[in-house]
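Colleague: For reference, the sequence and a predicted model appear below.
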Amino acid sequence: MDETASIAAEKGGEPLGRLPTPGEEAYMRQGATPVLSSVLVSNSDYLNNPLYRDTYAQFALRRYGRDLPTTYLIPNMVRSLSECRDDGKFLALVQRERSRRPAFADWLDRRQFTSYDPVSLRYCAPGTLGATIRAFVEDSGMQMEFLSRELGVHNDLNYMQKRRAACHDIEHMVTGFGPNQLGELALNMVNNAGNAAYFSPDLAKYLNEATMFTSSTSYYRHSLHYPALMPGIFEAMKLGIAAGQSLRMPLLMVRWEEYLDWPLDEIAADLGFERGPGAAWDYSNELGVG
């Protein structure tokens, strides 16, 4: 009998691993005890919200089964974020950022929004952003703004939400990250790092709430269920953070309409980052499912 089996036998078949001793527990807890209550309550609005609590746990702990699409729980995430978000504070932070960053104020005031028609993009040469968008729309049958079509624009928050949703696929095209499991994680990290480098910490927190939610849970979910993909996960996070920290402006603020006739590599160079591996990460869609 080997040493591992011997230890397991001595413990009566219980799982291996040493639990903290009473002394270690006392050291870590330092004599403190939570306030007792007849309901679950904390000083975290997120922990107090049942939908947020459940959705975050499912995102982080679930397997990507073949019975449901990987995006199945996204509506739950959007609702849970909305329930916990202080839109008044969010909007106030945007107004404060307007005053300290004229380029941000100008971008917001333009309210630029484009619906891409494949016919109008036929002038774009192969390898350009316009040609890539045209191929995406023609091949998929989807419209670029399908996720934001019903969202009205009544204030700065509405505009940012609509613009981000409509440009998500363009971000995949230009960054070379995705769309695949590793690419989605890398693109999230580009936005997390890029927003954190440009905006105030408080505003970046709101702007990154969805991408932080999905990237943090992705990291742990893959570690639990798809460990063979972890080298790729680390590489995706590293490349995404490096690209985000190199951006001369957040992807949120890029006027993609001005780059339609530019090659993708030249767009990335103009924005200050190196593109990712594109389809080379498509293997993650199979390795991270089941």
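Modeller: Happy to help now that I have it.
Colleague: Give me the below-cutoff pLDDT ranges for the stretch 151-290 of the chain.
Modeller: Counting by pLDDT under 70, the ranges of the stretch 151-290 of the chain that qualify are 151-152.
Colleague: Quick one: the helices in it, in order.
Modeller: Along the stretch 151-290 of the chain, counting by DSSP state H, counting those that start in this stretch, helices occupy 156-175, 181-198, 201-207, 209-225, 230-246, 264-271, 284-287.
Colleague: How about the contacts made by the residue nearest to the spatial centre of the chain?
Modeller: Residue closest to the mean C-alpha point of the chain, counted by Cα atoms, centre = their mean, is T211 at 2.5 Å. T211 sits next to 188-189, 191-192 when contact means Cβ atoms under 8 Å, 6 or more residues apart in numbering. Backbone N, C-alpha and C define where each C-beta goes, glycine included.
Colleague: Could you measure from it over to M77?
Modeller: 11 Å (Cβ to Cβ, to the nearest Å).
Colleague: now S44
Modeller: S44 sits 17 Å away from M77, going by Cβ to Cβ.
Colleague: of those two, who's got more company?
Modeller: Neighbour tally, S44 and M77, criterion other Cβ atoms under 10 Å: the higher count belongs to M77, 21 against 11.
Colleague: Roughly how far does M28 sit from R164?
Modeller: In terms of Cβ to Cβ, M28 sits 41 Å off from R164.
Colleague: Could you do M253 as well?
Modeller: 10 Å.
Colleague: again with L81
Modeller: Distance of L81 to R164, computed by Cβ to Cβ: 13 Å.
Colleague: out of everything not next to it in sequence, what's closest to V94?
Modeller: D156 (4.9 Å; Cβ to Cβ, 6 or more residues apart in numbering).
Colleague: Am I right that that neighbour is in contact with L93?
Modeller: No - using Cβ atoms under 8 Å, D156 and L93 do not qualify as a contacting pair, with a distance of 10.2 Å.
Colleague: so who does the closest residue to L224 other than its chain neighbours touch?
Modeller: Spatial nearest neighbour of L224, chain neighbours left out: L61 (6.8 Å); criterion: Cβ to Cβ, 6+ apart. For L61, the contacting residues are 220-221, 224, by Cβ under 8 Å, 6+ apart.
Colleague: Distance to V35 and neighbour count added to these, as a markdown table?
Modeller: As requested, the contacts of L61 are exported to a markdown table (distance: Cβ to Cβ, whole Å; neighbours: other Cβ atoms under 10 Å):
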| residue | distance to V35 | neighbour count |
| --- | --- | --- |
| Y220 | 29 | 12 |
| R221 | 32 | 19 |
| L224 | 32 | 11 |
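Colleague: Just the closest of these to E266, please.
Modeller: In terms of Cβ to Cβ, no member of the contacts of L61 lies closer to E266 than R221, at 35.8 Å.
Colleague: And that closest one, how close does it get to T70?
Modeller: Going from R221 to T70 by Cβ to Cβ gives 10 Å.
Colleague: go on, L251?
Modeller: Distance from L251 to T70, counting by Cβ to Cβ: 22 Å.
Colleague: Same check on T128?
Modeller: Distance, T128 to T70, using Cβ to Cβ: 30 Å.
Colleague: re earlier: check the contacts of T211 and tell me the two furthest apart.
Modeller: Largest separation among these by Cβ to Cβ: M189 and N191, giving 7.4 Å.
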